[in-house]
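S.K.: make a model of this:
(chains A and B)
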Amino acid sequence: MTESTRPLNFIEKIVKEDIENKVVPSVQTRFPPEPNGYLHIGHAKSICLNFGIAQTFGGQCNLRFDDTNPEKEDTEYVEAIKEDVRWLGFEWSGDIHFTSDYFDDLYDWAVYLIKEGKAYVCDLDRDQAREYRGTLKEPGKNSPYRDRSVEDNLELFEKMRAGDFEEGACSLRVKIDMASPNMHLRDPIIYRIKKASHHQTGDKWCIYPSYDFAHGQGDAIEGITHSICTLEFEEHRPLYDWFIENLPVPSKPRQYEFSRLNVNYTVTSKRKLKSLVDENVVDAWNDPRMPTIAGMRRRGYTPEALREFIDKAGVSRNEGIVDVSMLEFAIRENLNVNAARAMCVLHPLKVTLTNYPEDKTEVMVAPGHPNRDDLPARELPFSRELFIDQDDFREEANKKYKRLVIGKRVRLRNAYVIEADEAIKDADGNIIEVRARIIEDTVGKDPADGVKPKGVIHWVDANNNLDCEVRLYDRLFNDPAPDAGGKDFMQSLNPNSLEILKGCKAETSLANSDADIRFQFEREGYFIQDSLYSTPDNLVYNRVIGLRDTWEKQV
RNA sequence: UGGGUCGUCGCCAAGUGGUAAGGCACCGGGUUUUGAUCUCGGCAUUCGUAGGUUCGAACCCUACCGACCCAGCCA
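M.R.: Modelled structure (predicted):
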């Protein structure tokens, strides 16, 4: 991919200035997913931003699992996320980090805050705490436990850690301001009791730090200079800064927020994606229609194209919705350059060339790519019986139709020009065969009589081809904003998001190709073998994306 | 009169006092053995609205309008 000279986004500008002004010696970022689900296209933006900035400015980017809630997390997700990040083309700095690596530090810092008189154990239960918190428009009031002595707090917190209390019985809160207009500053909870074993620390802990207490300190421990997150964390920033100021942390990271990536015709929330899987709307998290990284990988999107798309969509604080056509463009742009060409007939219609000898077979040679000679040429057997696509033949048509019509000529891609004579139909009137003739001496040249064919269609030898299944995907939703307002996104599902075609006929050169190679089936789109269903004996191709189609169907 | 944030072409997005980049989409012309690619051209007298400051404003000021976020012992 060529380096574009796009202007820096606002975060890149901040980083650049901080480096130039020696605010930081070098940039250190991090991608901090919670291992509680699969990564989707929105995460891809964060990955590209964080790793991209490190790359651009000669810094480092960590991969840190933000694992402070053992009830929702699992190592299954840790592994999947690592694979997704690698596939996207990024390499994290050093070892993987876990917020749970810092549980000891965090515990010590909690004790520190208690000793400073800045944290206390609160016995209010959930409902009471909510009551005391006040509302958006009314201030909260102090917890009756707010003024416990340091000694009592130390003892109580130790008991919390020892497992002496039930879940919910009490929590550790930091003493800030119950009247703050910022709800996050109304004595936020920094430790809660969860008698759950943790995927990394096992049963060592029964109390776990909250996101707010863990994230910034994790950043400080890792020397993160620019802690980049999405807009909804903006109001957490004063709290983030409060901890950094009030704790003896080893560095002072700063938080910056950008708007998350929204794409029309798709949903990106773990909850909604999960229900698509749970309700069997799709196969799994990696169904080729899913906007998950795993799904897009299986679909055949390339990491380069995804990165390019994210780069083009930009980074700002505007909450916009990017048009999915921008994504599709990036995929096509990338595949057009890189995908080898091949022919595959999706809806076979037999064509008999009545003036072509029955026992004759020629071998046509076709380039691997129209403007790349580094891709090897292909050999295409050609004989009396061929298949073309049902859509490429009509008994009669107006002049806008540039395909095969009775009495008219068409070019068979990389082979002869043919002229149709007759359509053979079955008892129901369905066309089951076309009888046609080749025009002699038209391979690589126009007909000698000067009557040039209108169009070019693809074909495959009827007696020498590869049978395969082709899966055509369309957007999962019909509605550009499936989850806008109070809408039930399940009502906007596109019933035709998956079309399975069996008995498709592909050229034989595909027989021994690697399973992960993407092809352009000419005039149809870009395809790749499905990593789950395709086998050498039962080829299954996914359509990554169709070709741009500017032909107005409809007469 | 709770607090915070955001409003530049249909969609993203530059621009931050000197007279509206770019991409996607769309519309036309050309090339073409893929109705693809490629290529050429078109596409905001106007920057949420209304006032004001200024020689000059999308950029500064004021008011208004609209959208989003915050009351998890989720992240």
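S.K.: tell me the secondary structure at the residue sitting furthest away from the middle of chain A.
M.R.: The outermost residue of chain A, judged against the average C-alpha position, is A:Asp449 (53.2 Å), by C-alpha atoms, centre = their mean. Recorded secondary structure, A:Asp449: coil (DSSP: H, G, I helix; E, B strand; the rest coil).
S.K.: now do the contacts for it.
M.R.: Not one residue lies near A:Asp449 by C-beta atoms under 8 Å, 6 or more residues apart in numbering. C-beta here means a position set from N, CA and C on the backbone, and glycine is covered the same way.
S.K.: next, it: phi, psi?
M.R.: phi -80, psi 0 (degrees, to the nearest 10).
S.K.: that one and RNA strand B, how far apart?
M.R.: Using C-beta to the nearest atom of the strand, to the nearest Å, A:Asp449 is found at 16 Å from RNA strand B.
S.K.: what score does that residue have for pLDDT?
M.R.: Listed pLDDT for A:Asp449 reads 94.
S.K.: for the spatially closest residue to A:Leu412 that is not a sequence neighbour, give me its contacts.
M.R.: Nearest residue to A:Leu412 in three dimensions, chain neighbours excluded: A:Trp459, at 4.9 Å (C-beta to C-beta, 6 or more residues apart in numbering). A:Trp459 is in contact with A:343, A:345, A:351, A:386-388, A:412-413, A:415, counting by C-beta under 8 Å, 6+ apart.
S.K.: buried ones among the residues you listed?
M.R.: Taking 16 or more other C-beta atoms under 10 Å as the criterion, what is buried in those is A:343, A:345, A:351, A:386-388, A:412-413, A:415.
S.K.: let's have the residues you listed in CSV, adding distance to RNA strand B, secondary structure and pLDDT.
M.R.: Listed next are the buried ones among the contacts of A:Trp459 as CSV, based on distance: C-beta to the nearest atom of the strand, whole Å; DSSP: H, G, I helix; E, B strand; the rest coil; pLDDT from 0 to 100:
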residue, distance to RNA strand B, secondary structure, pLDDT
A:Met343, 9, coil, 98
A:Val345, 13, strand, 98
A:Val351, 16, strand, 98
A:Leu386, 14, strand, 98
A:Phe387, 17, strand, 98
A:Ile388, 13, strand, 98
A:Leu412, 7, strand, 98
A:Arg413, 4, coil, 98
A:Ala415, 7, coil, 98
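S.K.: can you tell me which of the residues you listed is nearest A:Ala284?
M.R.: Nearest to A:Ala284 among these is A:Val345, at 29.9 Å by C-beta to C-beta.
S.K.: what are the buried residues along stretch A:502-515?
M.R.: In terms of neighbour count (16+ other C-beta under 10 Å), stretch A:502-515 has its buried residues at A:504-510.
S.K.: near RNA strand B at all, it?
M.R.: No. Using C-beta under 7 Å from any atom of the strand, stretch A:502-515 never reaches RNA strand B; the gap is at least 13.4 Å.
S.K.: ends of that stretch, how far apart?
M.R.: End-to-end distance for stretch A:502-515, by C-alpha to C-alpha, to the nearest Å: 19 Å.
S.K.: same check on stretch A:133-149?
M.R.: Distance across stretch A:133-149, first residue to last, is 22 Å (C-alpha to C-alpha).
S.K.: so for that stretch, what gets flagged as buried?
M.R.: For stretch A:133-149, by 16+ other C-beta under 10 Å, it's A:133-134, A:140, A:143, A:145, A:148.
S.K.: and RNA strand B, which of these reach it?
M.R.: Within these, those near RNA strand B by C-beta under 7 Å from any atom of the strand are A:Arg133.
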